[in-house]
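Student: next one to model:
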Amino acid sequence: MKNNPAFIFFFIIVIGITSCAPAPMFHTHQIETWPKPVLQVYVRPDGILDFRNSSALIGRVRLFLQDKQSVSEAMARQIKDVLLQSRIFRQIEVVKEETAGKDVFATASEKGIDYVIAVEIPHMLAPAGNTPGWLALDMKIIRTKDQVVFWSSYAEVNLEMRHGQNYIIYERPYSQAPSLSQGLDAIIREIARAIVTM
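Tutor: Predicted coordinates for the structure are as follows:
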């Protein structure tokens, strides 16, 4: 069959067509799911920073524009989940509603918890329609016994639509902007990565 002239002619035609064909209307590479945060680290001790055998207490997340208890608690639980998944701390607790007004260091000391995680959200805007969103976060990790700051960082992330994803049948002009929850997840994962690699 290899010496069949018809087969050789067909093979040459196929090669010629494929070499002149335009780029395929689909992507086979993995599309990035999460937005990419920008992280600035202000305080970090020299040497290896290892909290893996330590416990932490997340105080009430402070929201400057809409300080709602339910939103604060939901964010604190998500921060806890991501940090535990990243194996930054051995154990993490979240301040309960009934003790939210009490000094967080006193609560941590009573529970024998090593560190307090203090989080502030200076600004957040949920994306809507063609309007992008934005999320900023300050995080400090503070030792309970003497209130020494071991980690201080600021991060922000734009929650924008991603344009021009091409699919086999059609070209989708944009994909939905990441949510505030996805933005928070991206920021905490970036902080976790920086803690173990910087």
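Student: Ile195: what secondary structure?
Tutor: At Ile195, secondary structure determined by DSSP: H, G, I helix; E, B strand; the rest coil is helix.
Student: and it, how many neighbours?
Tutor: 20 (other C-beta atoms under 10 Å). Every residue, glycine included, has its C-beta placed from N, CA and C.
Student: so what pLDDT did it get?
Tutor: Note on Ile195: pLDDT of 93.
Student: all further residue positions should be reported with the first residue as 16.
Tutor: Renumbered: residue one is now 16, and that last one reads Ile210.
Student: for it, what are its contacts?
Tutor: For Ile210, the contacting residues are Leu64, Phe66, Ile103, Trp166, by C-beta atoms under 8 Å, 6 or more residues apart in numbering.
Student: same check, this time on Val56
Tutor: The contact partners of Val56, by C-beta under 8 Å, 6+ apart, come to Trp166, Ser167, Ser168, Ala209, Met213.
Student: for the fourth one, give me its contacts.
Tutor: Neighbour list for Ala209: Leu54, Val56, Ser168 [criterion: C-beta under 8 Å, 6+ apart].
Student: from the chain's centroid, how far away is the helix or strand hosting Tyr169?
Tutor: Using DSSP states H and E, Tyr169 sits within strand 164-174. Strand 164-174 sits 11 Å away from the centroid of its parent chain (C-alpha atoms, centre = their mean, to the nearest Å).
Student: in it, what's buried?
Tutor: Judged by neighbour count (16 or more other C-beta atoms under 10 Å), strand 164-174 contains these buried residues: Phe165, Trp166, Ser167, Ser168, Tyr169, Ala170, Glu171, Val172, Asn173, Leu174.
Student: and for stretch 130-142?
Tutor: Using 16+ other C-beta under 10 Å as the test for burial, stretch 130-142 gives Tyr130, Val131, Ile132, Ala133, Val134, Ile136, Met139, Pro142.
Student: looking at the buried residues of strand 164-174, which is nearest Lys126?
Tutor: Among the buried residues of strand 164-174, Phe165 lies closest to Lys126 (C-beta to C-beta), at 18.6 Å.
Student: do a quick rundown of the strands in this structure.
Tutor: Taking DSSP state E as the test, the strands found in the chain are 53-58, 70-73, 77-78, 106-109, 130-140, 148-158, 164-174, 177-181, 186-190.
Student: thinking again about what came up before, may I ask which of the contacts of Ile210 has the most neighbours?
Tutor: For the contacts of Ile210, the largest neighbour count, defined by other C-beta under 10 Å, is 24 neighbours, found at Ile103.
Student: OK, contacts around the residue lying closest to Arg102 once chain neighbours are set aside?
Tutor: What sits nearest to Arg102 in space, not counting adjacent residues and going by C-beta to C-beta, 6 or more residues apart in numbering, is Arg67, at 6.3 Å. Counting by C-beta under 8 Å, 6+ apart, Arg67 makes contact with Arg102, Ile103, Phe104, Arg105.
Student: what does Ser196 give?
Tutor: Gln93.
Student: need the pLDDT of it.
Tutor: 89.
Student: likewise Glu171?
Tutor: 94.
Student: from what I can see Ala151 touches His138, true?
Tutor: Yes. Between Ala151 and His138 a contact is recorded at 4.8 Å, counting by C-beta atoms under 8 Å.
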